Structures are given as C-alpha cells and as structure tokens.
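A.B. asks: Quick one: sequence plus predicted model below, questions after.
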Amino acid sequence: MADEQVSLASLLLIVVLGGLIIRYLFFPGAGAAAGQTRGPRDAQSAARAREAAVERIQQMFPQVDRRTILWDLQHTGGNIMATTDRILAGRLATPPVTFQPPPPPPSPASSAAAAQSAAAASKAPSKPAEPDLITRYNLQSKINSSSSSSGIDEAAVGAKGKAWSSNRDERQAALQRRRDDMILAARRKMEAKLAAEKGSSS
C-alpha cells in the first residue's frame, strides 16, 4: 500500500513538472506578451512613485542632492522612512561615479508652469526682490536686542535640553525659536566673515 502511494505521488510530480517544462519551452510568448503590455505602465508608475519619493525627501532636506537620494532609495527599496532616518543619522552613502540616475520626467504641469513663467519674465523683466529672512520673520527687534550678546540665548539652550513636548503649541513655539536662532546665528557668522574680509583687505 505504501509503495502505491509513493508511486502515485511521484507520478503526479512528474506530470506537473512535465507540464511546466512544456509550457515554458513551447509557449514563452504568452507570458512575454503579458509582461510587455504591463511593462510600460509599470515602468511609468514606478518612475512617478520614485520621483514623488525624491520630491518629498528633498522638501524635508533640500541640502541633499537628487542623485544621492535616488541611490539610497534604490538600496532601501523605495522606503522613504529608512532614507530619512539615514539622512538624520548622517549615514547617507555617497553614490559611486558610475551611478547615473535617469533625469526627472517632465510633467505637463511643470512644462506649462515653465511656459507661463517664461511669458511672465518676458512681460515683466523687473521683478520685486524677495525680502530677506530677517524682514520675512520680523527678527529686526531680536537683532537689536541680541547685538551685544554672542551665541544662542539661554531659552533656546534650555529648549534643546528638554524632551519633545506633547503639546502642539509648545512644539511649534520651540521650532520657531530654533528657526529664529538659526537665522540670527547665520547672520552673526556672515557679519563676522564680512568684518574679517574687510579687515584683511584694508
């Protein structure tokens, strides 16, 4: 009885394997045709998803170039969170010279926007200048009050030591304080650099 079951199982296995071999040897066109019809759509949707991921990461980290983001996304399987964590940890790998990502596909909206901006530029050559960050965020009073002090104020240092608050308003206020401190620190560095250049030239 056991011999009959083994022979029946082996016979069934031979029939299944034989059918698969015949299908792939003599009818390869059916699978290839299906893959060709799905291929362009899959490639386009993958390209769109890849560009959307790159755009999202570049909105968060504009200092990281597109090529490096694409290299890391390729290694993380398109996982935006993993790439973001690597950027925050400073573990983002530099892509090799041989890695040449495809150029971003031009979208109809961007080409229309480019045409409109070109038309607007030709109509109005003199465009009003963007306000600087001090004017934009109303930091003139902080410049005047912190001109005597050097470095970041104690409130910002205390905010760094505290844990992340669960209150949304406190988090927003802390982030705005940090933004203001970064802008003021950058301004102080630029003033010091300009003063050093002026002193060395005179």
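C.D. replies: Structure's in. What do you need? Since this is a predicted model, take the numbers as computed values, not measurements.

A.B. asks: Got phi/psi on L139?
C.D. replies: phi -110, psi 10 (degrees, to the nearest 10).

A.B. asks: count of neighbours near it?
C.D. replies: Each residue near L139 was counted by other CB atoms under 10 Å, and the total is 19. The C-beta positions use only the backbone N, C-alpha and C, and glycine is treated the same way.

A.B. asks: I'd say it and L133 touch.
C.D. replies: Yes. L139 is in contact with L133 according to CB atoms under 8 Å; the separation is 7.3 Å.

A.B. asks: Can you give me the buried ones in whatever helix or strand K189 lives in?
C.D. replies: Taking DSSP states H and E as the definition, K189 sits inside helix 168-201. Buried residues in helix 168-201, counted by 16 or more other CB atoms under 10 Å: 174, 177, 180-181, 183-184, 187-188.

A.B. asks: now the residues you listed in JSON lines, with pLDDT?
C.D. replies: As requested, those are exported to JSON lines (pLDDT from 0 to 100):
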{"residue": "A174", "pLDDT": "88"}
{"residue": "R177", "pLDDT": "88"}
{"residue": "D180", "pLDDT": "87"}
{"residue": "D181", "pLDDT": "88"}
{"residue": "I183", "pLDDT": "86"}
{"residue": "L184", "pLDDT": "87"}
{"residue": "R187", "pLDDT": "84"}
{"residue": "R188", "pLDDT": "88"}
